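Colleague: Pasting the sequence and the predicted model now:
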There are 2 protein chains.
Amino acid sequence: MRISELSAKSGVAIPTIKYYLREGLLHQGQQTAATRAEYDEAHLRRLRLIRAMLEVGRLPVASIKKVIEAVEDESLPVHEMLGTAHYALSPAVEPEPGEDWQLARDQVDRLIADLGWDIAPHAPTRDELAQTLVRMRQLGLPIDLTPYAETARKLVSEVEMDKIPFHGPRDAAVEALVLGTVLYGKAFDALRRMAQESESARRLSP
Amino acid sequence: MRISELSAKSGVAIPTIKYYLREGLLHQGQQTAATRAEYDEAHLRRLRLIRAMLEVGRLPVASIKKVIEAVEDESLPVHEMLGTAHYALSPAVEPEPGEDWQLARDQVDRLIADLGWDIAPHAPTRDELAQTLVRMRQLGLPIDLTPYAETARKLVSEVEMDKIPFHGPRDAAVEALVLGTVLYGKAFDALRRMAQESESARRLSP
């Protein structure tokens, strides 16, 4: 298809498509004349992925580039490719100076080991969780994350993972991961606050 | 205790305490001389609550005022008081024009009815969830929220609600609700992404 049709089908404006082509986020089409190129389904899929990362994942262009490099590097196993997208979605957390941080970080590592989870040593989620634990400890909250971890594991293994098309096109798997992580995460967060309201009503209403 | 001791015990600077007193967020102490007042445990609890809403809940002062009015209005049942804090924590969502919005909003109301949850008709979480559903539909994601709702309900009723001291001082109950909602929410979100990484490793690693 021509660029105009690619624009119509994807809902992405032609100047934006040209910007993605210049930035290397979208691979070039098949040149058919000096000023004309043909695009195909793979371009459509890539545009969907870019929009997912930009609009739903709210990732900066630099992070999107890294994820797309991983998508294009066919020698990279699917698990590593998904990890690149996953880590891009995690907020960057700076370790804090002091003993509290090291205590919390050790607690996170111990929790992961106790659960028997397979998490890379450099996964940004370790620092992210440690930051929340530091805050909890400073505020005197009880810190037993095991029920939360068990709940997350059950949800992910029984419901979420089946939605990722691991064995289709690489773009589609990453897109599903990004959309699913962000949007079902938002939905769960709202549902949890709803459940709190409902349970509070049940326990406290006359 | 004097204001200097209140400051030392709460970790809140004296000028900040004076600002809270002027704004009516913190109730006045017992005047013992023209320029001297006595503060007590209730002031300490209130300062903890203000910090929780400000630093962890990231609520604007106007919202904090509303919550504190609810805390101070002893005629307001605990469930309503907690609801005020809860609703302040929910992002404000504007209904979008168009059919998609109404469809999503109907779907949310139906889900709540099917679950038999006790959620106020004006709860902001209804619009919040509808907004996420609109996005999911536009992006072609499968929308079956029942497993998420069931998971949230189980977590809330079996783990979270027992942490709220419903029958102690009103400040303490609201503080526990705000801290718990925000911080355990953050922890769950990180744990969910960890579980995804671990499950992806389990399914895809050679």
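Modeller: Sure, I can see it.
Colleague: Going by C-alpha atoms from here, please, whenever you check contacts or count neighbours.
Modeller: Noted.
Colleague: roughly how far is the longest helix anywhere in chain A from the heart of the chain?
Modeller: Using DSSP state H, we find that the single longest helix of chain A is helix A:185-204. The gap between where helix A:185-204 is centred and where its chain is centred comes out at 24 Å by Cα atoms, centre = their mean, to the nearest Å.
Colleague: same question for that helix, mean pLDDT?
Modeller: Taken as a whole, helix A:185-204 carries a mean pLDDT of 94.
Colleague: Is that helix positioned near chain B?
Modeller: Yes - using Cα under 8 Å from any Cα of the partner chain, helix A:185-204 reaches chain B at A:185-202, A:204.
Colleague: mind listing what A:Ser198 touches?
Modeller: Each residue near A:Ser198 by Cα atoms under 8 Å, 6 or more residues apart in numbering or on different chains is listed here: B:117-119.
Colleague: mind showing which ranges of chain A have poor pLDDT?
Modeller: A:206 (pLDDT under 70).
Colleague: ok, which stretches of it are helices?
Modeller: So, for chain A - with DSSP H - the helices run A:3-10, A:14-23, A:41-51, A:61-72, A:78-89, A:99-115, A:124-138, A:146-155, A:170-179, A:185-204.
Colleague: Just confirm A:Trp101 contacts A:Pro95, I think it does.
Modeller: Yes - at 6.9 Å, A:Trp101 counts as touching A:Pro95 under the criterion of Cα atoms under 8 Å.
Colleague: ok so, going back, most neighbours among the contacts of A:Ser198, please name it.
Modeller: Highest neighbour count within the contacts of A:Ser198: B:Ile119, with 21 neighbours (other Cα atoms under 10 Å in any protein chain shown).
Colleague: Next, count neighbours for A:Val182.
Modeller: Neighbours of A:Val182 (other Cα under 10 Å): 19.
Colleague: hang on, the earlier thing: can you add distance to A:Asp162 and give the helices of chain A back as JSON lines?
Modeller: Shown next, in JSON lines, are the helices of chain A (distance: least, Cα to Cα, whole Å):
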{"stretch": "helix A:3-10", "distance to A:Asp162": "26"}
{"stretch": "helix A:14-23", "distance to A:Asp162": "31"}
{"stretch": "helix A:41-51", "distance to A:Asp162": "19"}
{"stretch": "helix A:61-72", "distance to A:Asp162": "20"}
{"stretch": "helix A:78-89", "distance to A:Asp162": "14"}
{"stretch": "helix A:99-115", "distance to A:Asp162": "21"}
{"stretch": "helix A:124-138", "distance to A:Asp162": "22"}
{"stretch": "helix A:146-155", "distance to A:Asp162": "11"}
{"stretch": "helix A:170-179", "distance to A:Asp162": "11"}
{"stretch": "helix A:185-204", "distance to A:Asp162": "16"}
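Colleague: CA-only coordinates of the longest helix of chain A, as PDB, when you get a sec.
Modeller: Output of helix A:185-204 as PDB, limited to C-alpha atoms (Å, rounded to 0.1, in the frame of the first residue of the first chain):
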ATOM      1  CA  GLY A 185      -2.900  -2.600  35.600                       C
ATOM      2  CA  LYS A 186      -5.000   0.600  35.600                       C
ATOM      3  CA  ALA A 187      -8.200  -1.400  35.600                       C
ATOM      4  CA  PHE A 188      -7.000  -3.600  38.500                       C
ATOM      5  CA  ASP A 189      -6.100  -0.500  40.500                       C
ATOM      6  CA  ALA A 190      -9.600   1.000  40.100                       C
ATOM      7  CA  LEU A 191     -11.200  -2.300  40.900                       C
ATOM      8  CA  ARG A 192      -9.200  -2.700  44.000                       C
ATOM      9  CA  ARG A 193     -10.400   0.700  45.300                       C
ATOM     10  CA  MET A 194     -14.000  -0.300  44.300                       C
ATOM     11  CA  ALA A 195     -13.600  -3.500  46.300                       C
ATOM     12  CA  GLN A 196     -12.400  -1.500  49.300                       C
ATOM     13  CA  GLU A 197     -15.400   0.700  49.100                       C
ATOM     14  CA  SER A 198     -17.700  -2.300  48.800                       C
ATOM     15  CA  GLU A 199     -16.100  -4.200  51.700                       C
ATOM     16  CA  SER A 200     -16.100  -1.100  53.900                       C
ATOM     17  CA  ALA A 201     -19.800  -0.800  53.200                       C
ATOM     18  CA  ARG A 202     -20.400  -4.400  54.000                       C
ATOM     19  CA  ARG A 203     -18.500  -4.200  57.300                       C
ATOM     20  CA  LEU A 204     -19.600  -0.800  58.500                       C
END
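Colleague: For it, buried residues please.
Modeller: For helix A:185-204, a neighbour-count test (16 or more other Cα atoms under 10 Å in any protein chain shown) marks A:185-201 as buried.
Colleague: How about stretch A:47-60?
Modeller: So for stretch A:47-60, counting by 16+ other Cα under 10 Å, buried means A:47-53, A:56-57, A:59.
Colleague: Same check on stretch A:120-137?
Modeller: Buried-residue list, stretch A:120-137, by 16+ other Cα under 10 Å: A:124-136.
Colleague: need those residues in CSV with distance to chain B, can you?
Modeller: Output for those, formatted as CSV (distance: Cα to the nearest Cα, whole Å):
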residue, distance to chain B
A:Pro124, 9
A:Thr125, 6
A:Arg126, 8
A:Asp127, 10
A:Glu128, 7
A:Leu129, 6
A:Ala130, 9
A:Gln131, 9
A:Thr132, 6
A:Leu133, 8
A:Val134, 10
A:Arg135, 8
A:Met136, 7
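Colleague: any idea which of the contacts of A:Ser198 is the one closest to B:Leu26?
Modeller: Each of the contacts of A:Ser198 was scored against B:Leu26 by Cα to Cα, and B:Ile119 proved nearest at 30.9 Å.
Colleague: quick one: the closest residue to the closest one other than its chain neighbours from B:Gly180, how far?
Modeller: With sequence-adjacent residues excluded and distances taken as Cα to Cα, 6 or more residues apart in numbering or on different chains, B:Ile119 is closest to A:Ser198, at 5.7 Å. In this view, A:Ser198 and B:Gly180 are 16 Å apart by Cα to Cα, to the nearest Å.
Colleague: thinking again about what came up before, spell out which residues are contacts of both of A:Trp101 and A:Pro95.
Modeller: A:Gln131.
Colleague: out of the two, which sits in the busier spot?
Modeller: A:Trp101 (18 against 13).
Colleague: Against chain B, how distant is that one?
Modeller: 15 Å (Cα to the nearest Cα, to the nearest Å).
Colleague: Thanks again, I'm all set now.
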